[in-house]
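J.: Starting from these lines, generate the structure:
(2 chains, ligands or ions: 2)
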Amino acid sequence: MNQLKELQKSSADGTKTIQVRVNGQIVEREVHIRMLLVDFLREELGLTGTHVGCSVEGRCGACTILLNGENVKSCLTLAVQADGANILTVEGLGTPDNLHPIQEGFWEKHGLQCGFCTPGMMMSAYNLLKVNPHPSSDEIREAIVGNLCRCTGYEHIIEAVQYAAERLSSMSKEEREKLLTY
Amino acid sequence: MTTASETKWVGRSIRRREDPRLLVGQGTYIADLTLPGTTYVELVRSTHAHARIRKIDITKAEKHPGVVAILTGQEIAAAMKPIIIPAIRPNLGGELQVPTVYPLAIDKVNYVGHPIVAIVAENKYIAEDAAQLVEIEYDPLPVLLDPEEALKPDSPKIYEEWESNIIWKGTLGNGDVEKAFSEADYILSERFYGHRTGAAPMETRGMVAAYDNFTGLTLHINSQRPHILRMALSKIMNLPHDKVRVIAPKDVGGAFGTKAAIYREEFIVSYLAMKLKRPVKWIENRMESLMSIGQERDQIHYLEIAVRKDGKILGIKDRMIADSGDGSNGVYMGFVMPWLSAAYLTNAYDIPNVHIDLTCVVTNKPCLSPSRAFGEFPARFAMDYALHLVARELKLDPREVFKINIIKEFPYVSATGITHDSGDYVGAFNKLLEALDYDKVKQEQKEARKNGRLIGVGFAMGAEMSGLGSQVFVPMENQPGYGSATVKIDTYGMIQVLEGDSPQGQGHETTIAQAVADELGVNIEDIYISYGDTFNTPFASGTLGNRGASYTVSAAVLACRKLKRKMTKIAAHLLGIESDSEDFIFSNREVVWKKDTTKKVKIEDIADVAILAPTKLPQGMEAGLEATAYFEADIASMLSIGVHGAVVEVDPSTGGFKILRYVVVDDCGVPINPMLVRGQVHGGAVMGIGNALYEKYSFDESGQPLATTLMEYHMPSAADVPHIEMVEFNVPTPYTPLGTKGKGEGIPAPVPATLASAITDAIDRPGFKLLNLPLTPESIWKALNEI
Ligand code: FES
Ligand code: FES
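T.: Numbering: from 1, shown residues only, chains lettered A, B, ... in the order given. Ligands and ions are numbered 1, 2, ... in the order given. I've put the predicted structure just below:
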């Protein structure tokens, strides 16, 4: 993969050129310094899978993405702060023909109803499964406290994450790592 | 013909067909839609709960670069009728006063959040900035927040032309209540209060309007009721009906009733698109959402129950006062919910003598708008918790008090006119006691008490509406209650189902396909479901009140049955046989003659003839393969039952408590997809727990809303709620073709009485009562320390 470099071109009209790797692809854009990362992803890059549920409160978690390995609420982050970062959004998880085990789990166990919280929920599950291959239901509940779901009552989400955990742990170390790094 | 018993899809927990697109981030929600040239709206809202507008100064905002237009109340009011028109005004008899409501405030504001000015700009950042530059001067007026206060004759009037602050007033009931009370051994008389709480779906409201001179207005909006909204837009905006198209996006991020009302923004955004001839987009932010929609419940019940010493209820009286807010939301106007609350007050119980006085009052709060457990939530709390209090007072086992009162014979018509179609309520109740292991818990409670631990068990019931037939719906909302669906078979034998409701995550694409696949003997992959677009779906009143599985699915099934009659005639003709429709089965994408199963015709061949080669049709038969059906149940209304039970442990030193077990016994008639029903039950119970314990739309004394972020409006996270156990107890209804009933709407309603009674049982001290929601540690601690 090409190396990302932090570009320091910012101009007097309040814009700055940034470069980020999103779902494996390097993109470069000139953005207004006020632009939120979530708007950058959704509007500049057309990655509308990341949702806005609470508008800059950081409470609902619908906008959760992975930024350099951390779960980040993209409504609380400016696009310029992501300059040089490595980002994973729901679009980078799996494809319809080749779902990521987490996506499979949510499908199999009915972990979603309206699906609005789901991308953010799955991004939180991703980081949990990276560090904890066999989470208990309480550990799952803890890991998704930052992601609100109004539809499911969480029961099926917990089962979905457990399903994904089982699928992942039945895989070889390499396969598993491939699915949990970006 | 096939019967429901030969099903292959109905009853199976198959994975949802809508999920793959949602899982890979390719759902299409309203915020994802932007049209070329889109402009963005930001609304300037009132910062006062009640005030006269002295001056609006938009000069600074106008000069802000990137601002496209600024709209104020005068202009938009001149362009359209007031929002509350007869077509979207409830029709419940009683005494009604109708407020004059325009989309933007003109000279007066009635609640914090009331929209005053709309700014349109090239992007939403600019619109937000410009909104800050609008200057509004107010003359504050006295603020009314307490409905009982607002009822006093000398209190100021929110609508000055009104004689009182009562928006609607009426009585419900039947029987000889006075006689019942004179014969009673005991009368329980309490004031119950259900606070303002409700649904806050994860996706807020939003819309994109576009206009051109030829097609007219197209409004994309995450509405539950696109057809009703289209009617309203056309009437209010003086547009011919054919020049208004409402499209609900394929994916909607939850609604729970909040997206069923008609609000002001629909007209603001539509008007601006017409004026500017550019697409206009507005996405409600979370603060606006919490300030203005989905606030429900908010009722006071002065409930009196007359009982015999064995616990049998002889009659009830209730004086209900509901805080309707400003009463401005079309279709519901803040009083349909409390009306339904009164109508369903008797819940699952046989109470012959009932008298309810309902008064709905306007205050300086946002209008009540529907929210899952439509109206019923506080009424269920009052009624079911009162039954527990009766049992305590009479020293009876609450089980017995419930059992003696539960409706046992069906159909049953309540004193308020609600028809219970069928079911086995006692069976469901017994199932709950069994699932809770009631006797064992009571034993454990005694043991625990010896060790100083306070454990308690409680329960409540919920007779949940399963759609509402036209008999109820027409008087209530001026809208039909039937289910409607069109089934079309295309030239390749693929089956398209069009429905006029528009779902928000309930799984229509899966459940309707399961029912249709069985009817037509095909795979669900052969079926595609279309909804949301008023230009090509049959008229329907929308996705609400559990109509999907009861009415809409039934309409789809009936449309298939109509179609099957034509298909069998074509099959017989092609096979060169004389036979009745009954002599064919539909299986494997083929229409098969029962008398000789080698004689069969593929669906696609029938479609080919009917659509592309009509010359091969039987003489005189018209071409095409499609049918529309409108399903109306043969009974005024259908209900399904849910029984909830909980075991809790209370810490009397803080009033805090922990839910040790939460069990729901649920009946949905025939479950189309049991996994989806479970999902509804889990979600509904957790919403009920959130509503009962943490969520509250509170206001300070000046009417400022105090819960305008999700930090203050605390919705339960995964770590806040217990594991929900669910037990199926399904009794098919004889009134729908497949025996299905709706499920989802009423599930939160039994939660508060379940928890309140469990806590009361745990405390177990004479005089301890929880009469006010929410059930916070503070309120429990107070109740404990007041006795
Ligand atoms: S939108 Fe970012 S946390 Fe809610
Ligand atoms: S699935 Fe609707 S909010 Fe989670």
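J.: now the helices for chain A?
T.: For chain A, the helices defined by DSSP state H occupy A:37-39, A:101-108, A:118-131, A:137-143, A:155-169, A:173-179.
J.: same thing with the stretch 651-787 of chain B?
T.: B:674-693, B:751-763, B:777-786 (DSSP state H, counting those that start in this stretch).
J.: how much does the first one deviate in direction from helix B:751-763?
T.: Using axes from the mean of the first three to the mean of the last three CA atoms, to 10 degrees, the interaxial angle of helix B:674-693 with respect to helix B:751-763 works out to 60 degrees.
J.: does any part of helix B:674-693 sit near chain A?
T.: Yes - using CB under 8 Å from any CB of the partner chain, we find that helix B:674-693 touches chain A at B:675, B:676, B:678, B:679, B:681, B:682, B:683, B:684, B:685, B:686, B:687. Heads up, the C-betas are built off the backbone N, CA and C, glycines and all.
J.: which residues of the chain score low on pLDDT?
T.: Unless you meant another one, I'm taking chain A. Within chain A, the ranges that satisfy pLDDT under 70 run A:1-12.
J.: Actually, chain B is the one I wanted.
T.: For chain B (pLDDT under 70), the answer is B:1-6.
J.: Which residues of it lie near ligand 2?
T.: B:202, B:253, B:254, B:505 (CB under 6 Å from any ligand atom).
J.: re the thing from before, dump the helices of the stretch 651-787 of chain B to TSV, plus distance to residue B:409 and mean neighbour count.
T.: Formatted as TSV, these follow (distance: least, CB to CB, whole Å; neighbours: other CB atoms under 10 Å in any protein chain shown):
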stretch	distance to residue B:409	mean neighbour count
helix B:674-693	26	26
helix B:751-763	24	28
helix B:777-786	38	15
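J.: returning to what we had before: could you work out the most separated pair of the residues of chain B next to ligand 2?
T.: Pairwise distances across the residues of chain B next to ligand 2 peak at 9.5 Å for B:202 and B:505 (criterion: CB to CB).
J.: on that earlier part again, and the residues of chain B next to ligand 2 near chain A, which?
T.: Okay, of these touching chain A (CB under 8 Å from any CB), that's B:202, B:253, B:254, B:505.
J.: Now, these that are in helices?
T.: Going by DSSP H, the helices hold none of those.
J.: most centrally placed residue in chain A?
T.: For chain A, the residue nearest the mean C-alpha position is residue A:65 (2.7 Å; CA atoms, centre = their mean).
J.: close enough to count as contact, that residue and residue A:85?
T.: No - using CB atoms under 8 Å, residue A:65 makes no contact with residue A:85, being 10.0 Å away.
J.: So for residue B:526, which of the helices of chain A sits nearest?
T.: Judging the helices of chain A by CB to CB, what sits closest to residue B:526 is helix A:101-108, at 20.6 Å.
J.: Chain A contacts on the stretch 551-700 of chain B?
T.: Close to chain A, as judged by CB under 8 Å from any CB, the stretch 551-700 of chain B has residues B:675, B:676, B:678, B:679, B:681, B:682, B:683, B:684, B:685, B:686, B:687.
J.: mind putting the residues of helix B:674-693 next to chain A in a markdown table, distance to residue B:786 included?
T.: Formatted as a markdown table, those follow (distance: CB to CB, whole Å):
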| residue | distance to residue B:786 |
| --- | --- |
| B:675 | 46 |
| B:676 | 45 |
| B:678 | 40 |
| B:679 | 41 |
| B:681 | 36 |
| B:682 | 35 |
| B:683 | 35 |
| B:684 | 32 |
| B:685 | 30 |
| B:686 | 30 |
| B:687 | 30 |
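J.: and the helices of the stretch 651-787 of chain B as TSV, adding distance to residue B:108?
T.: As requested, the helices of the stretch 651-787 of chain B are exported to TSV (distance: least, CB to CB, whole Å):
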stretch	distance to residue B:108
helix B:674-693	32
helix B:751-763	36
helix B:777-786	36
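J.: If anything else comes up later, I'll come back, but that's it for now.
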